[in-house]
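Visitor: 3D, please:
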Amino acid sequence: MKYRNLGRTGISVSEICLGTMTWGTQNSEAEAHDQMHYAVEKGVNFFDTAELYPTTPVSAETQGRTEEYIGTWFEKTGKRSDIVLATKVAGTGREYLRGGEGADAKNIRLAIDASLMRLKTDYIDLYQVHWPSRGHFHFRQNWHYNPFGQDREAAIANITEILETLGEHVKAGKIRAIGLSNETTWGIQKYLTIAEQKGLPRVATTQNEYNLLYRHFDLDLAELSHYEDVGLLAYSPLAGGILSGKYVGGARPEGSRGSINRDIGGRLQPLQEPPVKAYLEIAAKYNLDPSKMALAYCLTKPFMASVIIGATTMGQLETDIASVNVTLSDEILAEIEKVHRLYPMPM
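Guide: Residues are numbered from 1 along each chain as shown. Just a heads-up that it's a prediction; the model follows:
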């Protein structure tokens, strides 16, 4: 396992991060504990969760259960100090989470204290804003995204309030570093600028979607990452499991995410099948597991801070973590780029 820094924080994390959003619905507490044990044995020191989790499916009844499972593992093993722990405050729109108000001073204070209690810890290493309060293009909203008409001053005021509140918690020792998720280039840069002007904590990372089928980060966000040292924590690096090939031809394996969230957040639709088949052919040609190939591709990116994997079985977890041992040749990378040129945004 290799390790990379979170922005300019000096916090070192494994290049594979253990994602947790299935724990509490698709995975039991015992299974979650087994996953954490195995991941740590393989050198993973980075866990990512959120107050919203689990999300397969998301519901008011299960909200917070994932953090509880991590907390009982910490309590049982005493390994809290061995782990870099990331969690998130929810954005707007979830009524059962404090009326769906999203991230502001009041809600961040409430959310942090609730997460600390569930996680059975007195600090969080990386605290992230799950999605912006203003409109954004993530979660397949790019097809009708329209920033025109948004209130600039309100957006800046919200960002400032978030930074000031997170700064209070950094000083109090409740969080070590801050990050964003599902953010835009303008949003990330505005956080950086305001933090510099006001002497507030600097954003270390952004957790955005990135995979062979969705590579928006390769453009302006990559430039920002390069100049400003804001690393990417890539979520859905297998596009919700699509890049494993298990949904080809309309298949819906029992117990899979596609059998629960039918379109996997808008990803599972006809346009994605041709490029998936093309990537599967590349993997077969070079005798590679397609999941390992997809994850290894993400790890080639210089802006990558860590790739967040998610597994519902130990077999999947073993495969995903083993991707760190895969080196993609220039020939394989060239073939991947040819497919990307043909299908630049198929979902």
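
Visitor: Would you map the helices across the protein?
Guide: Applying DSSP state H to the chain gives helices spanning 29-41, 65-77, 105-119, 152-171, 185-198, 220-228, 257-260, 273-285, 290-299, 314-321, 330-342.

Visitor: just checking, what packs against the last one?
Guide: In other words, helix 330-342. Helix 330-342 is packed against helix 273-285, helix 290-299, with contacts defined by 3 or more C-beta pairs under 8 Å, 6 or more residues apart in numbering; DSSP states H and E. Bear in mind the C-beta positions are built from the backbone N, C-alpha and C, glycine included.

Visitor: Please verify my assumption that Val13 contacts Ala305.
Guide: Yes. If you go by C-beta atoms under 8 Å, Val13 and Ala305 touch, sitting 6.9 Å apart.

Visitor: Overlap of the contact sets of those two?
Guide: Here Val13 and Ala305 have 4-6 as joint contacts, going by C-beta atoms under 8 Å, 6 or more residues apart in numbering.

Visitor: any chance of the helices of the chain in TSV, with mean neighbour count, distance to Leu18 and mean pLDDT too?
Guide: What follows is the helices of the chain, written out as TSV (neighbours: other C-beta atoms under 10 Å; distance: least, C-beta to C-beta, whole Å; pLDDT from 0 to 100):
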stretch	mean neighbour count	distance to Leu18	mean pLDDT
helix 29-41	18	5	98
helix 65-77	20	10	98
helix 105-119	18	14	98
helix 152-171	17	24	98
helix 185-198	16	24	98
helix 220-228	16	22	98
helix 257-260	18	17	72
helix 273-285	17	24	97
helix 290-299	23	13	98
helix 314-321	17	8	98
helix 330-342	14	25	98
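
Visitor: residues touching the nearest residue to Phe137 once chain neighbours are set aside, list them.
Guide: Once flanking residues are discounted, Phe137 sits nearest to Tyr145: 4.0 Å by C-beta to C-beta, 6 or more residues apart in numbering. Counting by C-beta under 8 Å, 6+ apart, Tyr145 touches 135-137.

Visitor: Likewise for Ala114?
Guide: Shown in contact with Ala114 (C-beta under 8 Å, 6+ apart): 51, 64.

Visitor: sorry, back to before: nearest to Gly241, of the helices of the chain?
Guide: Of all those, helix 257-260 sits nearest to Gly241, with 5.6 Å by C-beta to C-beta.

Visitor: Not counting that closest one itself, show me its contacts.
Guide: 22, 25-26, 56-57, 240-241, 246-247, 252-253, 264, 268, 312.

Visitor: I figured Thr300 hits Leu328, correct?
Guide: Yes. Counting by C-beta under 8 Å, Thr300 does reach Leu328; the two are 6.4 Å apart.

Visitor: Pull the number of nearby residues for Lys246.
Guide: 16 (other C-beta atoms under 10 Å).

Visitor: partners of Ile178 in the sheet?
Guide: Under DSSP bridges, the beta-bridge partners of Ile178 are Tyr127, Val203.

Visitor: before we move on, the earlier item: what subset of the shared contacts of Val13 and Ala305 is buried?
Guide: Buried subset of these (neighbour count, 16 or more other C-beta atoms under 10 Å): Leu6.

Visitor: can the shared contacts of Val13 and Ala305 go into CSV with extra columns for distance to Gly167 and pLDDT?
Guide: Formatted as CSV, the shared contacts of Val13 and Ala305 follow (distance: C-beta to C-beta, whole Å; pLDDT from 0 to 100):
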residue, distance to Gly167, pLDDT
Arg4, 25, 97
Asn5, 21, 97
Leu6, 17, 97
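
Visitor: mind checking which of the helices and strands packed on helix 330-342 is nearest His33?
Guide: Closest of the helices and strands packed on helix 330-342 to His33 is helix 290-299, at 23.2 Å (criterion: C-beta to C-beta).

Visitor: How far away from the center of its chain is that closest one?
Guide: 16 Å (C-alpha atoms, centre = their mean, to the nearest Å).

Visitor: Renumber starting at 93 from here on
Guide: Yep, numbering from 93; the last one is helix 382-391 now.

Visitor: Could you list every helix and strand in contact with it?
Guide: Looks like helix 382-391 contacts helix 365-377, strand 396-401, helix 406-413, helix 422-434 (3+ C-beta pairs under 8 Å, 6+ apart).

Visitor: go with 7 Å
Guide: For helix 382-391, the packing partners by 3 or more C-beta pairs under 7 Å, 6 or more residues apart in numbering; DSSP states H and E come out as helix 365-377, strand 396-401, helix 406-413.

Visitor: before we move on, the earlier item: as CSV, the helices of the chain with distance to Asn300 would be great.
Guide: Shown next, in CSV, are these (distance: least, C-beta to C-beta, whole Å):
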stretch, distance to Asn300
helix 121-133, 22
helix 157-169, 20
helix 197-211, 21
helix 244-263, 17
helix 277-290, 10
helix 312-320, 7
helix 349-352, 19
helix 365-377, 20
helix 382-391, 12
helix 406-413, 19
helix 422-434, 17
